[in-house]
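A.B. asks: What follows is a predicted protein model with its sequence.
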Amino acid sequence: MAGPIEEYERLRKLHRLPDFATVEREFDISNCEESRNILKSVREFMGDKISKVCEILEDILQPDTNLSSLYESRVFTEIEKKSIFDVYRKFMILKRRSDSLFVINSEQADIEFIRSTYSEWENLKPKMMKIISSLEESWSRESEVSDRLAYFG
């Protein structure tokens with residue numbers, strides 16, 4: 001009996017999926033090696049990462065009452081937030097598609113999800129990296145810290 005990686009590679013060739021190493025690099029799916037249903041596991045790992053990305057974007061668009069969310073949400077203008085919402089919307093479509101597959105439990109649907117989500121991830125990743133870079137840079141701007149802290153207090 002073939003292991004999960006070999007099974008994925010067999011299915012990859014049949015269904016034009018991205019190779020395992022590439023998906024591993026992007027979605028950290030190494031624990032899928034222990035799974036009996038490799039496609040379901042890959043889909044779940046992809047969905048988990050997408051959920052985490054959605055959480056980051058949600059903190060920008062609708063900040064919680066914690067200091068980091070409040071501070072970071074002010075980094076972006078309203079126009080930038082509209083653009084961020086467009087990215088968020090695309091990730092939410094992927095997230096909800098993954099959620100529906102959790103209920104459906106279909107190999108063919110998992111195949112289609114992996115293929116389409118990987119492609120969409122490749123398109124959205126540079127936009128997400130730009131957003132995260134802006135968040136990271138915001139913490140380096142010491143001149144804004146005292147003004148923003150005064151607002152929070």
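C.D. replies: Great, that's in hand.

A.B. asks: all contacts plus neighbour counts: C-alpha atoms, from now on.
C.D. replies: Will do.

A.B. asks: From residue 65, how far off is residue 38?
C.D. replies: 39 Å (C-alpha to C-alpha, to the nearest Å).

A.B. asks: Those two: which is more packed in?
C.D. replies: residue 38 (23 against 11; other C-alpha atoms under 10 Å).

A.B. asks: Need the nearest residue in space to that one, chain neighbours excluded.
C.D. replies: residue 4 (5.6 Å; C-alpha to C-alpha, 6 or more residues apart in numbering).

A.B. asks: Can you pull up the most central residue in the chain?
C.D. replies: residue 50 (2.6 Å; C-alpha atoms, centre = their mean).

A.B. asks: That one sits in which helix or strand?
C.D. replies: helix 38-61 (DSSP states H and E).

A.B. asks: in that helix, what's buried?
C.D. replies: 38-47, 50-51, 53-54, 56-61 (16 or more other C-alpha atoms under 10 Å).

A.B. asks: Tell me the first helix or strand C-terminal of that helix.
C.D. replies: helix 67-73.

A.B. asks: Would you enumerate the residues in contact with the nearest residue to residue 98 once chain neighbours are set aside?
C.D. replies: In space, and not counting its chain neighbours, residue 98 is closest to residue 47: 5.7 Å by C-alpha to C-alpha, 6+ apart. Taking C-alpha atoms under 8 Å, 6 or more residues apart in numbering as the criterion, residue 47 is in contact with 94, 95, 98, 99.
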